[in-house]
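S.K.: I'd like to go over a predicted model; first the sequence, then the structure.
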Amino acid sequence: MTKRNFLKKINSLTKLHYKNSKDYEKIINNIYFKKTEVSEIEKVPFLPSRIFKDISLKSIPDEKVFKVLNSSGTSSSGLSKIYLDKINAAAQTNVLNKIVSNILGTKRLPMIILDEKKNINDPKRFNAKTAAYLGFSLFGRNNFYMIKDGKIDYKNLNIFLDNFSNEKFLIFGFTSNVYDILVQNLNLKKLKNKSFKKAVLIHGGGWKKMENKKISNLKFKELLLRNLKLNQIYNYYGLIEQTGSIFFESEKCGFFTTNEFSEILIRDKNFKIAPNGTKGFVQLLSLLPTSYPGHSILTEDIGQIFNIKNCKCGNDAKHFLIHGRLKESELRGCSDV
């Protein structure tokens, strides 16, 4: 998709949400002087991600709400609520399938989920974490939940590996869970020389409450390779406030890259566009959010965009890194409207 067509679609989303969300209309009127169409992607109106903790922003009537996603709740400032109708939920699933299929292929793989089944199937816990587990489980078969009653289920893990370790299989978990379960607590002696060599690990979500144990991405991969001979590792980046925007880290170059459904900008502390290579606040743009005004969001994450040509990953899209989240962000902006 060309930049021109992407901008055209983003402008259409701004107009859609301006028309159907009174709160969004108020923000655009007060801060962006009623401007719903711009000539450059850098000028697209954005909302700070924290606004979804303060205001119930949706562009659909209540009776059309199919699903409400909540953030995982690691922040003391409240939970974000994201309202999806059936159309937006289906679009999210379809795009996730298209992006993930580029890594895993089209066949469903035997899958290990690094959590406890009861945590995922509890309707009272339907949040960003649950949505990610359910979303990625669509790519699995013979799904095995590695934790049972708070402990690693070695008996059934051995059975799973007996059946599937000689073929490609999928492991999914959040970064902190991967480190806690596979690096710190997995007792290899109980696995009877079983192999993870053919596994593909997908992880994301950062370190959350395990921030004090955070290690570098390089060290993280080194430990998994050394301990489990696991060398197909894919980190992904996304946020609940912008459903469907998911970016995978390239196995070959180590950078995240954009895709046809998304765009990324970096802004400095004054919210001006930062030069390539400069750290700043991550702004994400997505073509997917139609049921709520989440198509242009300024996050509280710090990132960098790099001008890389002829990268060994073979991808001509934007390359970027994420350096974590501000501990005490001052990104209030239009949250105060």
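M.R.: Received, thanks.
S.K.: who's in contact with K318?
M.R.: Contact analysis of K318 by C-beta atoms under 8 Å, 6 or more residues apart in numbering lists 257-258, 263-264, 305. In this view, the C-beta of every residue, glycine as well, is placed from N, C-alpha and C.
S.K.: and which of these is nearest T290?
M.R.: Set against T290, the nearest of the contacts of K318 by C-beta to C-beta is E263 (16.8 Å).
S.K.: what's the neighbour count on that closest one?
M.R.: The local packing of E263 (other C-beta atoms under 10 Å) involves 22 other residues.
S.K.: how near is the residue most central in space within the chain to E167?
M.R.: Taking C-alpha atoms, centre = their mean, the centroid of the chain lies closest to G238, which sits 2.2 Å from it. Note on G238: its distance to E167, by C-beta to C-beta, to the nearest Å, is 28 Å.
S.K.: do S80 as well
M.R.: In terms of C-beta to C-beta, S80 sits 39 Å off from E167.
S.K.: Mind checking which of the two has more residues around it?
M.R.: Shown here are S80 and E167; by other C-beta under 10 Å, S80 has more neighbours (24 against 9).
S.K.: doesn't F52 make contact with the more buried one?
M.R.: Yes. Taking contacts as C-beta atoms under 8 Å, S80 lies within contact range of F52: 3.9 Å.
S.K.: Give me the common contacts of the two.
M.R.: 71, 241.
S.K.: returning to what we had before: pLDDT at the residue nearest to the residue nearest to the centre of the chain when sequence neighbours are not counted, what is it?
M.R.: Leaving aside its sequence neighbours, G238 sits nearest to I246 (C-beta to C-beta, 6 or more residues apart in numbering; 4.2 Å). For I246, the pLDDT comes out at 90.
S.K.: separation between I246 and K208?
M.R.: Taken as C-beta to C-beta, the span from I246 to K208 is 18 Å.
S.K.: Between those two, which has more neighbouring residues?
M.R.: Higher neighbour count among I246 and K208: I246, with 23 against 16, using other C-beta under 10 Å.
S.K.: ok, now which ones touch that one?
M.R.: 95-96, 99, 236-238.
S.K.: And those residues, which two are furthest apart?
M.R.: V95 and Y237 (15.0 Å).
S.K.: quick revisit: looking at neighbours, which among the contacts of K318 is most surrounded?
M.R.: Result: I305 is most packed of the contacts of K318 (other C-beta under 10 Å), 24 neighbours.
S.K.: That one is in what secondary structure piece?
M.R.: strand 296-306 (DSSP states H and E).
S.K.: Quick one: distance of that strand to the chain centre.
M.R.: How far strand 296-306 lies from its chain's middle: 13 Å, per C-alpha atoms, centre = their mean, to the nearest Å.
S.K.: Next secondary structure after that strand?
M.R.: strand 319-325.
S.K.: Name every strand pairing with that next one and say which way it goes.
M.R.: Paired neighbours of strand 319-325 in the sheet (DSSP bridges): strand 256-257 (antiparallel), strand 296-306 (antiparallel).
S.K.: Of the ones you listed, which is nearest L228?
M.R.: Going by C-beta to C-beta, the one of the strands paired with strand 319-325 nearest L228 is strand 256-257, 23.8 Å.
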